Each structure stands twice: as structure tokens, then as C-alpha cells.
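Enquirer: Fold the following for me, if possible:
(2 chains)
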Amino acid sequence: MTHYSAFSLFKEALRGNKGWSRAWRDAEPKPAYDVVIIGGGGHGLATAYYLAKEHGITNVAVVEKGYIGGGNTGRNTTIVRSNYMIDGNTSFYEHSMKLWEGMSRDLNFNVMYSPRGQINLCHSPAQMDAAMRRGNIMRMNGIDAELLSREAVMKRVPILDYSANARFPIHGGLLQERAGTARHDAVAWGYARGASARGVDIIQGCEVTGYQWDRGRIVGVETTRGPIKAKKVAMAVAGHTSHMAKMAGLRLPIETHVLQAFVTEAIKPVIDCVVSFGAVHFYISQSDKGGLVLGGDLDGHNSYGQRGDLPIVEENMAAAKALVPLVSRLQLVRHWAGVMDMSMDGSPIMCKSPVEGLYINGGWCYGGFKATPASGWCYAHTIATERPHALNARFTLDRFHRGYQIDEKGMGPTPWAH
Amino acid sequence: MLRITCPYCGERDYVEFGYGGDAENTMPELSDTDIGRWADYVFFRNDPKGEHAEFWHHQHGCRQWLRVVRNTVTHEVISVRPASETDAPTQGKQVEVA
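Expert: Here you go, the predicted structure:
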């Protein structure tokens, strides 16, 4: 593996760029591993990377049915933030934020983390009070947060509708300056490269079709490329967690729903941070290429189909127009959909499963991308030590039976409303 | 556009309907004090990849609850029946207290 640096770039420039090696090995499956991770998205690859780096476990395979980063890792709006306020979420997402900040250096791969700031808008005095409470909880946990007045928001984001006709007048907002965006594909490739360099096998085009059992314990997986034995099997397949769990006889507090996102044609820079509408579920940022990146609500019915329907397109565009009037002159150039594990309290599940030998990491709802590094880091800890880390200790499966849901939005068990 | 053929009103866009979720999730008797069965009912789902029985409420039409079987991969609607012919939706279910 070539170490990426200004020097290697200069050297290769002189040699006509003929000396670059593959970033990671496209491995063939071996008969057995210590750990098989199902799912070659950001979470699975990060788990493999931290298993190797933090715990010295390198006899690991990541099996992916398609190509790495081709699922939800490639189907999000690339936003990273840690503005959570419920115990269990707060420190977990802040740990993720810290890993984002050091990721490019750690992986020797530019993940284009851009701490451009993220603002949750407030549209009433009551929302300002709630934002202040959230901001204070964040600051007490050592997370940066700043309450912005209407004037401060106007100065920071001039393109929003501040007119007297605005459907939802902007009273202010809660800013997290360290939040922002990162390049989603680079996250998958960077973790794949780091894991592969430490000996992890990344096996693409290899779909898991079932498990191998021995006296009630899972001891491997059946795949489209043959059986693979494993001491531990860890799923990181958010969007298909219910499906993979069912093969192991488990029923989960998850419904699978489809979520769409959109990109407009590229325009000159107009918005240099991420803005979330506080009146309806909608958010907007601008990519480095200039396209506005938009997203909002789920389609609202159970779906494993990775494509969306038109009413949500209309709903999102109406929200976009209400908040940022200039979008009415733009064309959408792309829209896409991913399927989400919508958990019953809106928070993830990361723990040993009730089946020996099987580990669960899922239920990420809309929030999987920002969680990628901490998810991999904590999951690796859980798999290696057989115990959760303090950071993911609350993301258990039994919290629903014990009454310890982590419901950030206070929505209750209606997963399509989270 | 997903379209649902309401047995009372005919074929309509799904935006006329409210989604009521899993139709195969049965509520325990109110007198049941087993916390495990209640937690299973409130929080746990089969969430199938394929045919899914689910409730839809024709809220901008006849306001009847329907039991729809739909494929969650292709979104093809396989059958639509009035919910009253099978189990009523849990939200409106009359349960006798023992």
C-alpha cells in the first residue's frame, strides 16, 4: 500500500503516475475467520479497521453482497453532527465527532471532513427555549453549541426567507460549529484501505444467505460464494437488519422504511453550512461541486425498495421553496433512496444478540452516516471484549423490555414518525 | 405512485391514505400483566422483506380502515380488504376488560 503524502504525489507526478498501487485488496473468501462482518458499508468497514487497529484482531472478513459503500453509505446527505441531548446518545455521537476530526490523518486518506457548521432553525419562542435547553445540555457534556439570534442567522445564512411573508418566521437557531459534512465514498474507501493494509479480507459480490449452526450457536455463514466458518459473526447491514436477524430466528424492534434525498444543478456558492428547517423535517447544504443537497421525511410505509415515490419529492420541494425561495429556479438533477432501519425509539441497537456467536449493529434510523466511526469503534470493542463499551452500553436490545428507550424526539413506537 | 384500490371508493393515490402499520401484530388482552408480551406487541415487528399485511386508513376518502397486503420490495399491492372483515385496526379496537 502506498502511503499518501505530498512527497508520494510529487514522486508519482515525475513517474507518470505509474507507481500507484491498489488502495485495498479485492480478496477471495478463505474457509474460516475469527470474525466475519456482514456488510461492507461504512459501519462494517470501520468495525474491521478498529478490530485490527485497536484490538489486534486481523483474521477478519468483511462480506458485502454488492460493492463496498454501495448501500446506505452511498445514499445519504453526508452530514456529521453531535447535537444530541439524551443520555446514551450525547457522548456516543460526540465520540464520533472526535473521530471525524482526526479521521483523514488516522486513515491517511482524505475524507474531506468539512466542519462548516450546522444550524437547527427555530421558528417560535418555544423552539428557542428548547434549543437553549439542548445547547446547554450539549455544553455541559463538553460539546460546542451556540444559540444564534435571528440577526445572527441572517448574517450567516442570507439566502433564507426572512420576509414578512415567510410561512414560518425564523426566530434564531442552534449552531454546532464543528458539525458539517464529509465525503461518504471516501469514508468507505479509507476504512477499507486501512483495514485491508492490516490484513482484513474485503470480499465483494458475496451475499450471506444463511447461518451455520452448531448446537444453537452460530459458527459461520452460508454465502453465494460458499460457506465461511467464523468464531463470531457480526452484522452491520442497517436497512436489512430485520431480514438478516430473521434468518437467525430473531424478531427486532425495527421497521424498514425508505428515505429519499436530492441534488440540484450546481450553482455558485450560496450556503456555507448545513441548515435544518425547524418547522417541517427538511435540511439543506451545498456540495463542493455546487449542487444543493436536500433531504426530509420518509416515504412513510414499510419498504425495502431502494427507490422513492413522487409525493415526497413534492413535499421536500415545497419545504425547500418555503425556506430557500431561490430553489424555485433550480432543476433537480438527481434523487435517490436508501432503506433505513427505523427503530422503535429512534436510537440504534448495538450489542451481542440473544443468539451465541451473533452480534447486532443496526437501527440507525436517519443517523447512520454521522455515527460511522464511533459505531465501528464501539462495535469492535463489543465484539473483541464480549462487553459493550460505556459509550454503547445503553444501545441494548433488552432496553425495550426494561422500559429504557432512548427516544430523542419523544415520538414513541411509531417508527415512520421518528 | 403507489395506488390502493379502496373497496368502497375505487383506485386512489396512496396520499389519500394514512398508514397504520403492521396488521399482524395482535394486542394482548388488557388484563394480561405479562410485560414481555406487551413489549413484544408495542415494540417488536416481523418487518418482512416481501409480502406485508398492513393497515391503511382512507382518511381523505371514505374514512374506512383497510387491510392491505403489499410487497415491501416491489410495492405491488396484492390485496385490499375492509379491516372490519378481519381484525379491526388496533387503534379503534374494542377490548373487554376482564
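
Enquirer: Not counting sequence-adjacent ones, nearest residue to the spatially most central residue of chain A?
Expert: By C-alpha atoms, centre = their mean, the mean C-alpha position of chain A lies nearest to residue A:369, the distance being 1.3 Å. Excluding the flanking residues, the one nearest residue A:369 by C-beta to C-beta, 6 or more residues apart in numbering or on different chains is residue A:76, at 4.3 Å. From N, CA and C alone the C-beta is placed, and that goes for glycine too.

Enquirer: same thing with residue A:68?
Expert: Per C-beta to C-beta, 6+ apart, closest to residue A:68 is residue A:40, 4.0 Å.

Enquirer: so the residue nearest to residue A:369 touches residue A:184, yeah?
Expert: Yes - Residue A:76 is within contact range of residue A:184, at 6.0 Å (criterion: C-beta atoms under 8 Å).

Enquirer: who touches both of the two?
Expert: Residues touching both residue A:76 and residue A:184 by C-beta atoms under 8 Å, 6 or more residues apart in numbering or on different chains: residue A:369.

Enquirer: Check whether residue 69 sits in a helix, strand or coil.
Expert: Using chain A here. Local secondary structure at residue A:69 is given as coil here, using DSSP: H, G, I helix; E, B strand; the rest coil.

Enquirer: oops, I was thinking of chain B
Expert: strand.

Enquirer: Residues of chain B that sit close to chain A?
Expert: Counting by C-beta under 8 Å from any C-beta of the partner chain, the residues of chain B close to chain A are B:1-2, B:13-15, B:19, B:21-22, B:35-36, B:39-40, B:42-49, B:52, B:54, B:70, B:72-75.

Enquirer: What count of nearby residues applies to residue 56?
Expert: With no chain named, the answer covers chain A. Residue A:56: 9 surrounding residues under other C-beta atoms under 10 Å in any protein chain shown.

Enquirer: Sorry, I should have been clearer: chain B.
Expert: 26.

Enquirer: Which residues does it form beta bridges with?
Expert: Following DSSP bridges, residue B:56 is listed with bridge partners residue B:19, residue B:66.

Enquirer: For the residue of the stretch 101-250 of chain A found nearest chain B, give me its contacts.
Expert: When distances are taken as C-beta to the nearest C-beta, the stretch 101-250 of chain A reaches nearest to chain B at residue A:242, 3.7 Å away. Counting by C-beta under 8 Å, 6+ apart, residue A:242 makes contact with A:252, A:254-256, A:341, B:45-49.

Enquirer: With residue A:237 instead?
Expert: Residue A:237 touches A:38-39, A:41, A:44, A:243-244, A:362, counting by C-beta under 8 Å, 6+ apart.

Enquirer: if we can go back for a sec, okay, the host helix or strand of the residue nearest to the centre of chain A in PDB with CA atoms only?
Expert: Assigned by DSSP states H and E, residue A:369 falls within helix A:368-385. Only the C-alpha atoms of helix A:368-385 are listed here, as PDB (Å, rounded to 0.1, in the frame of the first residue of the first chain):
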ATOM      1  CA  GLY A 368     -26.100   6.200  10.400                       C
ATOM      2  CA  PHE A 369     -23.600   8.200   8.400                       C
ATOM      3  CA  LYS A 370     -22.500  10.600  11.200                       C
ATOM      4  CA  ALA A 371     -22.200   7.600  13.500                       C
ATOM      5  CA  THR A 372     -19.900   5.600  11.200                       C
ATOM      6  CA  PRO A 373     -16.600   6.000  13.100                       C
ATOM      7  CA  ALA A 374     -18.000   5.600  16.600                       C
ATOM      8  CA  SER A 375     -20.200   2.700  15.500                       C
ATOM      9  CA  GLY A 376     -17.200   0.900  14.200                       C
ATOM     10  CA  TRP A 377     -15.100   1.800  17.200                       C
ATOM     11  CA  CYS A 378     -17.700   0.600  19.800                       C
ATOM     12  CA  TYR A 379     -18.800  -2.400  17.800                       C
ATOM     13  CA  ALA A 380     -15.200  -3.600  17.500                       C
ATOM     14  CA  HIS A 381     -14.900  -3.200  21.300                       C
ATOM     15  CA  THR A 382     -18.100  -5.100  21.800                       C
ATOM     16  CA  ILE A 383     -17.000  -8.000  19.500                       C
ATOM     17  CA  ALA A 384     -13.400  -8.200  20.800                       C
ATOM     18  CA  THR A 385     -14.200  -8.000  24.500                       C
END
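
Enquirer: what are the ranges of the helices in the chain?
Expert: All of this refers to chain A. All helices of chain A, identified by DSSP state H, fall at A:6-14, A:42-55, A:90-107, A:125-140, A:150-156, A:184-197, A:241-246, A:310-323, A:368-385, A:399-402.

Enquirer: switch to chain B, that's the one I care about
Expert: B:35-43.

Enquirer: low-confidence ranges in it?
Expert: B:86-98 (pLDDT under 70).

Enquirer: So for it, the centremost residue is which one?
Expert: residue B:55 (1.9 Å).

Enquirer: wait, isn't that one in contact with residue B:68?
Expert: Yes - using C-beta under 8 Å, residue B:55 makes contact with residue B:68 at a distance of 7.5 Å.

Enquirer: follow-up on the earlier one: let's have the helices of chain A in a markdown table, adding mean pLDDT.
Expert: A markdown table is the format used below for those (pLDDT from 0 to 100):
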| stretch | mean pLDDT |
| --- | --- |
| helix A:6-14 | 94 |
| helix A:42-55 | 98 |
| helix A:90-107 | 97 |
| helix A:125-140 | 97 |
| helix A:150-156 | 98 |
| helix A:184-197 | 97 |
| helix A:241-246 | 97 |
| helix A:310-323 | 96 |
| helix A:368-385 | 98 |
| helix A:399-402 | 95 |
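
Enquirer: Is residue A:142 in contact with residue A:98, as I believe?
Expert: No - with contact defined as C-beta under 8 Å, residue A:142 does not reach residue A:98; the gap is 10.1 Å.

Enquirer: Which of these two has more residues huddled nearby?
Expert: Neighbour tally, residue A:142 and residue A:98, criterion other C-beta under 10 Å: the higher count belongs to residue A:98, 14 against 9.

Enquirer: Can you tell me how far the residue of the stretch 1-150 of chain A found nearest chain B is from residue B:34?
Expert: Closest approach between the stretch 1-150 of chain A and chain B, counting by C-beta to the nearest C-beta: residue A:65, at 13.0 Å. To residue B:34, residue A:65 is 39 Å away according to C-beta to C-beta, to the nearest Å.

Enquirer: between the two, which one's more packed in?
Expert: Taking other C-beta under 10 Å, residue A:65 and residue B:34 do not tie; residue A:65 has more neighbours (19 against 10).

Enquirer: My guess is the more buried one contacts residue A:205. True?
Expert: Yes - Residue A:65 lies in contact with residue A:205 (C-beta under 8 Å); the separation is 7.3 Å.

Enquirer: Distance check, residue A:63 against residue A:30.
Expert: Counting by C-beta to C-beta, the gap from residue A:63 to residue A:30 is 11 Å.

Enquirer: what touches both of the two?
Expert: residue A:228.
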